[in-house]
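# Just to be clear, the model below is a prediction. Sequence and coordinates:
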Amino acid sequence: MATLEIQVPDIGDFDEVAVIELLVKVGDTVKAEQSLITVESDKASMEIPSSAAGVVKELKVKLGDKVKQGSVVLVLEASGAASAPNQAVAPAAPVQAAPVSVAPPAAAPSAPAAVAGPVEVRVPDIGDFKDVAVIEIMVKAGDTIKVEQSLITVESDKASMEIPSSAAGVLKELKVKVGDKVNIGDLIAMLEGISAGVAAPAAAAAPTAAPVAAAPAVAAAPAVASVAAAPAHAPGGAPVGLPHASPSVRKFARELGVPLEELKGSGPKGRIIQDDVQAFTKAVMSGATQTKAQAAKAPAASSGGDGAALGLIPWPKVDFAKFGPIERKELGRIKKISGANLLRNAIMIPAVTNHDDCDITDLEAFRVSTNKENEKSGVKVTMLAFLIKACVSALKKFPEFNSSLDGDALVFKNYWHIGFAADTPNGLMVPVLKDADKKGVMQISQEMGELAKKARDGKLSPAEMSGATFTISSLGGIGGRYFTPIINAPEVAILGVCKSQMEPVWDGKAFQPRLMLPLSLTWDHRVIDGAAAARFNAYLGQILGDFRRVLL
């Protein structure tokens, strides 16, 4: 196998930028275009990708080193002949590794100093990038804008950058919003007043300097990507722009649901690294810390709410100790977090509960025989696994139960993620089994076991507890007959299940012993009516009575 030196490609008009993060280590297998290191100047941060695929044999840089175009990053043992040695020196598309930065057009000394009237501000040349996302709006209508003042922040999968204004004046109208995709030449804003240095709108979209057109020259734009230099802050601190983190770390945090603005970075200059995100997630799951959103909900849950917001009389304040001995214990972390949600859902949702029984005699016999036949597999099939599969079938037949209210509209989901309540030492948690419609009962049982264990161990990630379209709360292993489960908004229904028991059932000629399962279906009356709920429960009972109906 060939050995290749991977070098820093053309990263614009930069000289000696600092290495602030190593994204790979010796022995790692990397793909072409996979990020290797993160570098940072005083204006921008960027990830340097590999120009070839292979195994990392030697790292040539360390944290704090200064690199520039042509500096050797690492040595790869290339996988096959996919890359020639010279590819490491001259990547085919170096702009992929550059910060997607903006170079405002250079103003000639003879340019007019002041031009009044409306001025269009457009996205200048940001390199070989398409459809970069707007992730932050930094100004508002009525603001007085200076030349090269940052207007918006955009982000690709490799870099984040601020788009500066090519002119000065008063901002009359913003043409983009958070989440929009923009490209070179797209209109960002309309200014009114004085245009300094650049009068013609076309100049913003067509830089005149040839080196700028060839590569994104970040040094030409003082305001570009200054967002990357904004320090991260701890909970309670005032937000300052975007968190100081690379695009890959921000993406990782979004997937875990971690609010980066509440993290304090441990990297150089307070930069948030992947280890910080993982440590924060573990701390939240263990109860050692709370997000600001959780902390805001906790007081309402712990105090029981005083009802003032609803115009109710105050919550009674009682000195219980005067009646006898007491012991005070703080609510657990999970109860504090869930309490506010339960209170809101119980008050805000016009909920109705239908109670029914279904005959699972034959299904239970099949479940027992299945477990005997598959003892060596180590996977134990539970009745809840059959319930999940049956509910998916019912949700497909009655899609309004798999929907959510969004204002005056109803959002129908074409995916079936089923949440199931898990009793843990720390309180009730609801893991979510994703894509239950695509999985068999054996796979559902296995994944449920894994998720339930994670819940008991306090290792469930936020992603594993989100996205449910319908929830099942089962008390089957404990007892009881019926109960009224509270809907887990924004879902519109929840199924409660209690312990099955043998009962005499009349078959038309005689009473027969049958195993009956109690069902309690709570539904949102704004979305579902009584007839639909009755049909849903009846259909669910038919499936559980004869599971072959799932195949129909």
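That came in fine, so what should we check first?
# who touches the nearest residue to Leu59 once chain neighbours are set aside in this structure?
Closest residue to Leu59 apart from its sequence neighbours, by Cβ to Cβ, 6 or more residues apart in numbering: Leu74 at 4.9 Å. All C-beta spots, glycine's among them, are computed from the backbone N, C-alpha and C. Counting by Cβ atoms under 8 Å, 6 or more residues apart in numbering, Leu74 makes contact with Glu5, Ile6, Val24, Leu36, Val56, Lys57, Glu58, Leu59, Lys60, Val61.
# again with Ile388
Here Ile388 is in contact with Ile418, Phe420, Leu433, Ala436, Ile444, Met448, Ile472 (Cβ under 8 Å, 6+ apart).
# Without its sequence neighbours, what residue ends up closest to the fourth one?
It stands for Ala436. Per Cβ to Cβ, 6+ apart, closest to Ala436 is Ile418, 4.7 Å.
# show me what contacts that neighbour?
Applying Cβ under 8 Å, 6+ apart, the residues near Ile418 are Ile388, Cys391, Val392, Val432, Leu433, Ala436, Ala468, Thr469, Phe470, Thr471, Ile472.
# which ones among the contacts of Leu74 are found in helices?
Nothing among the contacts of Leu74 maps onto helices, per DSSP state H.
# Looking at the residues you listed, which is nearest Phe547?
Distance ranking of those against Phe547, using Cβ to Cβ, places Val24 first at 49.5 Å.
# burial count for that closest one?
Neighbour count for Val24, taken as other Cβ atoms under 10 Å: 17.
# Hmm, Ile37 and Leu23 touching each other?
Yes - using Cβ atoms under 8 Å, Leu23 makes contact with Ile37 at a distance of 6.1 Å.
# tell me, what's touching these two both at once?
Taking Cβ under 8 Å, 6+ apart as the criterion, Leu23 and Ile37 both touch Glu47.
# Compare neighbour counts for the two and give me the winner.
Ile37 (26 against 20).
# Distance check, that one against Val17.
10 Å (Cβ to Cβ, to the nearest Å).
# Pull out the buried residues from stretch 28-47.
Within stretch 28-47, the residues that qualify as buried are 30, 32-33, 35-41, 43-47, counting by 16 or more other Cβ atoms under 10 Å.
# no, scratch that, I was asking about stretch 347-362
Taking 16+ other Cβ under 10 Å as the criterion, stretch 347-362 shows Ile349, Ala351, Thr353, Asp356, Asp357, Cys358, Asp359, Ile360, Thr361 as buried.
# Give me the average confidence score over that stretch.
Averaged across stretch 347-362, the pLDDT comes to 94.
# so where's the longest strand in this structure?
If you go by DSSP state E, the chain has its longest strand at strand 511-524.
# Dump it to PDB, keeping only the CA atoms.
Once non-C-alpha atoms are left out, strand 511-524 reads as follows in PDB (Å, rounded to 0.1, in the frame of the first residue of the first chain):
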ATOM      1  CA  PHE A 511     -68.900 -19.900  30.300                       C
ATOM      2  CA  GLN A 512     -65.300 -20.500  29.300                       C
ATOM      3  CA  PRO A 513     -62.100 -19.500  31.200                       C
ATOM      4  CA  ARG A 514     -60.400 -16.800  29.100                       C
ATOM      5  CA  LEU A 515     -57.400 -14.600  29.800                       C
ATOM      6  CA  MET A 516     -58.600 -11.000  29.600                       C
ATOM      7  CA  LEU A 517     -56.400  -8.000  29.200                       C
ATOM      8  CA  PRO A 518     -57.700  -4.600  30.500                       C
ATOM      9  CA  LEU A 519     -57.100  -1.600  28.100                       C
ATOM     10  CA  SER A 520     -57.400   2.100  28.900                       C
ATOM     11  CA  LEU A 521     -57.200   4.400  25.900                       C
ATOM     12  CA  THR A 522     -56.900   8.100  26.700                       C
ATOM     13  CA  TRP A 523     -57.400  10.400  23.700                       C
ATOM     14  CA  ASP A 524     -57.400  14.100  22.900                       C
END
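# Report the strands that pair with it, each with its relative direction.
Applying DSSP bridges to the sheet, strand 511-524 is found paired with strand 351-359 (antiparallel), strand 493-497 (antiparallel), strand 501-506 (antiparallel).
# Tabulate these (TSV), appending distance to Val527.
Converted to TSV, these look like this (distance: least, Cβ to Cβ, whole Å):
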stretch	distance to Val527
strand 351-359	11
strand 493-497	8
strand 501-506	32
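# do you know which of the ones you listed lies nearest Gly332?
Nearest to Gly332, of all those, is strand 493-497, at 22.1 Å by Cβ to Cβ.
# Out of the contacts of Ile388, name the ones that lie in helices.
Checked against DSSP H, these include these in helices: Ile444, Met448.
# what two of the contacts of Ile388 are the furthest from one another?
Counting by Cβ to Cβ, the most remote pair of these is Ile444 and Ile472, 11.6 Å apart.
# Please identify which of these two sits among more neighbours.
Higher neighbour count among Ile444 and Ile472: Ile444, with 24 against 20, using other Cβ under 10 Å.
# ok, for that one, nearest residue in space, not its chain neighbours?
In space, Ile444 is closest to Ala385, 4.5 Å off (Cβ to Cβ, 6+ apart).
# How is the one you found assigned, secondary-structure-wise?
Under DSSP: H, G, I helix; E, B strand; the rest coil, Ala385 falls in the helix class.
# Read off the pLDDT value for it.
94.
# was I right about it contacting Gly440?
No - contact criterion Cβ under 8 Å: Ala385 and Gly440 do not qualify, at 9.1 Å.
# quick one: which of those two has more around it?
More crowded of Ala385 and Gly440, by other Cβ under 10 Å: Ala385, with 26 against 10.
# surely Ile543 meets Leu551?
No - with contact defined as Cβ under 8 Å, Ile543 and Leu551 do not form a contacting pair (10.2 Å).
# So for these two, which residue has more residues nearby?
Per other Cβ under 10 Å, whichever of Ile543 and Leu551 has more neighbours is Ile543, with 23 against 6.
# Tell me where the stretch 101-250 of the chain has helices.
Secondary structure of the stretch 101-250 of the chain by DSSP state H, counting those that start in this stretch: the helices cover 202-205, 210-214, 247-256.
# Could you list the low-pLDDT ranges of the stretch 1-150 of the chain?
1, 12-14, 42-44, 79-116, 127-128 (pLDDT under 70).
# got any ranges where the stretch 151-300 of the chain has weak pLDDT?
In the stretch 151-300 of the chain (pLDDT under 70), the answer is 157-159, 193-243, 269, 285-300.
# Secondary structure element holding the residue nearest to Leu59?
Using DSSP states H and E, Leu74 sits within strand 72-78.
# likewise Lys282?
helix 274-286.
# which helices and strands sit right next to that helix?
helix 247-256 (3 or more Cβ pairs under 8 Å, 6 or more residues apart in numbering; DSSP states H and E).
# tell me what the helix it packs on is packed against?
Partner elements for helix 247-256 (3+ Cβ pairs under 8 Å, 6+ apart): helix 274-286.
# how about the strands in the stretch 201-350 of the chain?
In the stretch 201-350 of the chain, no strands are defined using DSSP state E, counting those that start in this stretch.
# in the sheet, who's paired with Ser45?
With DSSP bridges as the rule, Ser45 is bridged to Glu40.
# That one contacts Ile11, correct?
No - taking contacts as Cβ under 8 Å, Ser45 lies outside contact range of Ile11: 11.1 Å.
# Not counting residues beside it along the chain, what's closest to Pro431?
Using Cβ to Cβ, 6+ apart and skipping the chain neighbours, the partner closest in space to Pro431 is Leu451 (3.7 Å).
# okay, the one you found: pLDDT?
Confidence score, pLDDT, at Leu451: 94.
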